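Visitor: any chance you could fold what I've pasted below:
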Amino acid sequence: MPTPHNAAKMGDIAKTVLLPGDPLRAKVIAETFLEDAVQFNTVRNMFGYTGTCKGKKVSVMGTGMGCASIGIYSYELIHMYGVENLIRIGSCGGMQEHVKLGDIVMASGSSTDTNYAHQYHLPGSFSAVPSFDLLSMAVEEAEKNRFPYIVGNVISSDIFYNETPEWKEWAKMGVLAAEMESFALYCNAARAGVRALGIFTVSDSMVSGEEMSAEERQNGFTNMMKVALGVAVRL
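Guide: From the prediction side, this is the model:
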C-alpha cells in the first residue's frame, strides 16, 4: 500500500531494487538499462521505476543522502512492498593510497559514526555486513568484466563537510572509503532477514585530492551498473 513517501501499489516494485542516492540517476538508469520501464513513484521527487533486464523484473529508486533518508526508503521497500534484495549503488571517497579513482568498492563491512543502530537496544556494537551471496556474485561479475574492484570495510558517515580530518583515524584501521548510506541499509536488511549490498565507485581520493572528470564518472558508474545489474538478473 502507498506510504507517505512512496505511491507504489503492491506488485509495482520488483523483489530486487537498485538504490542510487540521486533520483535523477534512478531515472537515467531506468531509461538506459531497463526495458519497458514504468515509473511507480514521484512523491517528493524521489523517482522509482520498474522494468526488465534480460527478462528479469528489476526496480530502481532514489534514496536521498545519508542514513536517515535511506533508512526510511529501504524500510518501506522491505516491510511495505516485500523487497528481498537491495543493492546500493553510489559514489565514495577513497581513503587509502591503493584505492584509485574509478575503482569499484564493495562494502564487506560498514563502520559508522551514526547512532542509527541505537533503536535495536543491543548490548554492544553491531557489525553491519552485507549478504555474502550478493557480495560473491558482485565479485564474480567484476572479475568476468575485468573491472578494477576492491572488497573491504567502508565508513558510513553522517558528516560530509567535517570540521576535523576524522577520516584519517578510520584509514588507520584499514577502512577503504567513505560514503553515507550503507550502515542503515545493512541494519534494516539484517533486522528483516533480507539481502543487501553496497557497491560504490571511487569518485575522489582523500589521500591525493584527485577527483574524477565528468567523462571518468560516466565510465566508472557504467562499470558499477553492469556489476549491479549482473547480480540483479541472477536473483
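Visitor: where do the helices sit along this protein?
Guide: 23-33, 67-79, 132-145, 167-172, 182-192, 214-232 (DSSP state H).
Visitor: so what touches the longest one?
Guide: When contacts are taken as CB atoms under 8 Å, 6 or more residues apart in numbering, the neighbours of helix 214-232 outside the stretch itself are 16, 18, 29, 33, 53, 56, 58, 85, 87, 89, 91, 101-102, 104, 134, 137-138, 141-142, 144-145, 147, 149, 197, 199-203, 212. In this view, the C-beta of every residue, glycine as well, is placed from N, C-alpha and C.
Visitor: restricted to strands, list those residues.
Guide: Among the contacts of helix 214-232, the residues falling in strands (DSSP state E) are 16, 18, 53, 56, 58, 85, 87, 89, 91, 104, 149, 197, 199-203.
Visitor: where does this protein dip in pLDDT?
Guide: For the chain, residues meeting the criterion pLDDT under 70 lie at 218-219.
Visitor: do that again at 90, thanks
Guide: For the chain, applying pLDDT under 90 flags the ranges 1, 212-220.
Visitor: can you tell me how far the spatially most central residue of it sits from residue 105?
Guide: Taking CA atoms, centre = their mean, the centroid of the chain lies closest to residue 88, which sits 1.7 Å from it. Residue 88 sits 11 Å away from residue 105, going by CB to CB, to the nearest Å.
Visitor: kindly report the same for residue 223.
Guide: According to CB to CB, residue 223 stands 12 Å off from residue 105.
Visitor: what do these two both touch?
Guide: In terms of CB under 8 Å, 6+ apart, residue 223 and residue 105 are both contacted by the residues residue 201.
Visitor: who touches stretch 94-105?
Guide: The contact list for stretch 94-105 (CB under 8 Å, 6+ apart) reads 92, 142, 147-152, 154-155, 167, 170-171, 174-178, 199-208, 210-212, 216, 219-220, 223-224, 227.
Visitor: in that stretch, what's buried?
Guide: Under the neighbour-count criterion of 16 or more other CB atoms under 10 Å, stretch 94-105 has 94, 95, 96, 99, 101, 102, 103, 104, 105 buried.
Visitor: run through the bridge partners of the last one.
Guide: Each beta-bridge partner of residue 105 is listed here: residue 150, residue 200, as defined by DSSP bridges.
Visitor: in PyMOL, select just the buried ones from the contacts of helix 214-232.
Guide: Buried subset of the contacts of helix 214-232, written as a PyMOL selection, criterion 16+ other CB under 10 Å:
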select buried, resi 16+18+29+33+53+56+58+85+87+89+91+101+102+104+134+137+138+141+142+147+149+197+199+200+201+202+203+212
